[in-house]
Structure formats: structure tokens, C-alpha cells
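Visitor: Below is the sequence, then the predicted model.
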Amino acid sequence: MPKHACRATLALPTKGRGGYSGAMRVARTIGELTRARAALVSGGRPLALVPTMGALHAGHLSLIAAAKRRDAAVAASIFVNPLQFGPAEDFARYPRDEAADLAALREAGCELAWLPSGSTMYPPAAASVIEVAGPALLWEGTARPGHFRGVATVVAKLFGQIRPQLACFGEKDWQQLQVVRRMVHDLYLGIEIVAVPTVRAADGLALSSRNQALAPADRALAPRLYTALAALAASLADGQPAAERTEAAAAALAEAGFRPDYVALVDAETLEPLPAARPPARLIAAAWLGQVRLIDNVAVC
């Protein structure tokens, strides 16, 4: 496998390492959340939020570990957000396993689990959403219209409910990370957004809750997306024009059995396309394998 990384990705954490011996509070209503939060911050530690949609894996747990390294009290949310799914997307099929998720959070050292209902997050009279532009417009914004409006709205609600000092997001969803950063900056929310490197399986596949839906043959093929991006990143580090190389990479993925939506060299912060690599640059890609849509990204130095 080609090796190219400006920042190291994270290996799979060892199960059981860093376990938390205290009791984890579980809140399902705003009242329960308010009481649990007050108890959690009474010791003076900063409060960190790890937003999730459940179906937890080692990538999610690395976010909790990152928050704990900041000596923060850690709250994690589990909410499958309907507002970020399009009408033809997999909201109903999105994997859900509350008992396993809560057990994983406890073992990882999470101290508060927030499990709101749909009616708590989106009351019938609710009339406000977050409209986003800038880094939200292209790529996933084009492929999934309305997706980042849903992401920004639910994240803003979670920030308002939990009122953290910092929040941890994975670099695997690179565009999402930049959208959240832009929203926090533009709305003066005063929350530190901590970026946590992508956690990968041993064969290089970026961990995702949707990976469990890959057919066995597709799972065997899936790591080629990262392999292609890593090789392409190395080839673009010389600053030469990118268009032909990204097009060739997309064509090679298609020949291998993927259905690429895009392979692009972009500015790492604005997500605007770049003609050639220059700091800060990022390679981003999205491609279908069977019924599963994979996304990945790597830095270009």
C-alpha cells in the first residue's frame, strides 16, 4: 500500500484501554440533560462534546480519547439526524444498536450520553435552520443537496443543549469538519473544534458506520480508494497540474468497480478546487461500491 501522510492516521485502539471506572449518566430529556450537565461540570473541568449518530466504532472512540487527553469531561450524543438525509438516502436503514453503543461509550470513558428523541430535536413548532455556504457548497453539498444544512442545524442544536467548551470531529468527514468550523467562527459560538485524525482498518479503509453494509466482495475492494488517494497525493506533491491526474485516478477507480462521484484536489479550508497542490491542500473523494457510498481524504504536502 502506498504510504503518504502529512499527518499520521490513527490505528485501531486496543479494546479496553483507557476504560472509565465511574458511572456514565444517560439523559433522554432536556431536564435530565440539564441536571446531568450541571453535575458533570461542577468540578471545574471543561466540557467536551462528541456528536455521533450511533453505530459506534473505533473512530468514534478515538474522538472520546482525544477529548480525554484535554482533561475534559466528555459528553457524547447519539441521534440519527433525519434533516441531513435526502429523500432517497438510507435514513431508515442506518444502523442502530443503542445497547452496544452505550456499552462502548462507558468502556471508553464517556461520562454523559445524550439520547434525544426526534421531537426533542425538532419540535412541531420549530421554524429555524442553519443555512450554510462557503465550504458547504461543492462536493458533498452538490451530491447531497441540503445535507450540510441538516448537519449544521443539528450540530448548532447540540451545542446549544450541551454548551461545551470544545467538540471533537473526525477528519474522515473532512468537508463536514470545515463546515462546522466555519459555522462556529461565523456565529461567534466560542467553541474549540478539535480535529481528530482518521482511524483506519489494517488494510487502510477509513472506518465508517456504513462499512458494515458492504458486501464481502466490495469490502475486499474498498481499501483501493485510500490506496488510490495516497498514491495520487504523493504524485501531486511536486506542484504540477492536477486535473489530468485526478481524472485518471477517478477512471482507474471506475475500472476497478467503483462508481466515483468525484476525486478532487481542493483548498483544505475553503474546499475550492485547486489547479495544483499548495498548502493547505487536500485530496477528497467519494465513490459508490454497490449500495454503499464511501468518502475519504488525504493531505497533500
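Guide: Okay, I see it.

Visitor: residues in contact with A252?
Guide: A228 (Cβ atoms under 8 Å, 6 or more residues apart in numbering). (Each C-beta comes from the backbone N, C-alpha and C, glycine too.)

Visitor: and it, what pLDDT?
Guide: Here the pLDDT value assigned to A252 is 98.

Visitor: Would you tell me what the next helix or strand after the strand or helix carrying it is?
Guide: Assigned by DSSP states H and E, A252 falls within helix 243-256. Per DSSP H and E, the first helix or strand lying C-terminal to helix 243-256 is strand 259-267.

Visitor: quick check, distance from the very next helix or strand once past that next one to the centre of its chain.
Guide: The helix or strand immediately downstream of strand 259-267 is strand 281-289, counting by DSSP H and E. Chain-centre distance of strand 281-289: 14 Å, with Cα atoms, centre = their mean, to the nearest Å.

Visitor: what do you get for stretch 248-263?
Guide: Distance, centroid of stretch 248-263 to centroid of chain: 23 Å (Cα atoms, centre = their mean).

Visitor: quick one: terminal-to-terminal distance for it?
Guide: Criterion Cα to Cα, to the nearest Å; first-to-last residue distance in stretch 248-263 is 9 Å.

Visitor: residues of that stretch that come out buried?
Guide: Neighbour counts over stretch 248-263 (16 or more other Cβ atoms under 10 Å) mark 249-250, 252-253, 258, 260-263 as buried.

Visitor: So this protein: which segments form each domain?
Guide: 25-196, 214-300 (automatic domain parsing).

Visitor: what angle sits between the helix holding A252 and strand 259-267?
Guide: Angle of helix 243-256 versus strand 259-267, following axes from the mean of the first three to the mean of the last three Cα atoms, to 10 degrees, is 150 degrees.

Visitor: and helix 243-256 with strand 281-289, angle?
Guide: Using the same axes, to 10 degrees: helix 243-256 against strand 281-289 is 20 degrees.

Visitor: still on that earlier bit, farthest pair within the buried residues of stretch 248-263?
Guide: A252 and D261 (15.1 Å; Cβ to Cβ).

Visitor: where does G160 land in three-state SS?
Guide: Here G160 is recorded as helix under DSSP: H, G, I helix; E, B strand; the rest coil.

Visitor: oh sorry, the question was meant for I193
Guide: Assignment for I193 (three-state DSSP): strand.

Visitor: Give me the mean pLDDT for the helix or strand where E107 lies.
Guide: Taking DSSP H and E as the criterion, the element that holds E107 is helix 98-108. For helix 98-108, the mean per-residue pLDDT is 98.

Visitor: nearest to L207, of the domains of the chain?
Guide: Nearest of the domains of the chain (Cβ to Cβ): domain 25-196, 4.1 Å.

Visitor: Am I right that N211 is in contact with R219?
Guide: Yes: taking contacts as Cβ atoms under 8 Å, N211 lies within contact range of R219: 7.2 Å.

Visitor: joint contacts of the two?
Guide: L205.

Visitor: For P82, give me its contacts.
Guide: So P82 contacts 91, 118, 122, 150 (Cβ under 8 Å, 6+ apart).

Visitor: Give me the buried entries from those.
Guide: Buried among the contacts of P82 (16+ other Cβ under 10 Å): 122, 150.

Visitor: Quick check: closest non-adjacent residue to E247.
Guide: Here the nearest residue to E247 in space, its sequence neighbours aside, is V263; by Cβ to Cβ, 6 or more residues apart in numbering that works out to 7.8 Å.

Visitor: For P123, see how far away that neighbour is.
Guide: As judged by Cβ to Cβ, to the nearest Å, V263 and P123 stand 41 Å apart.
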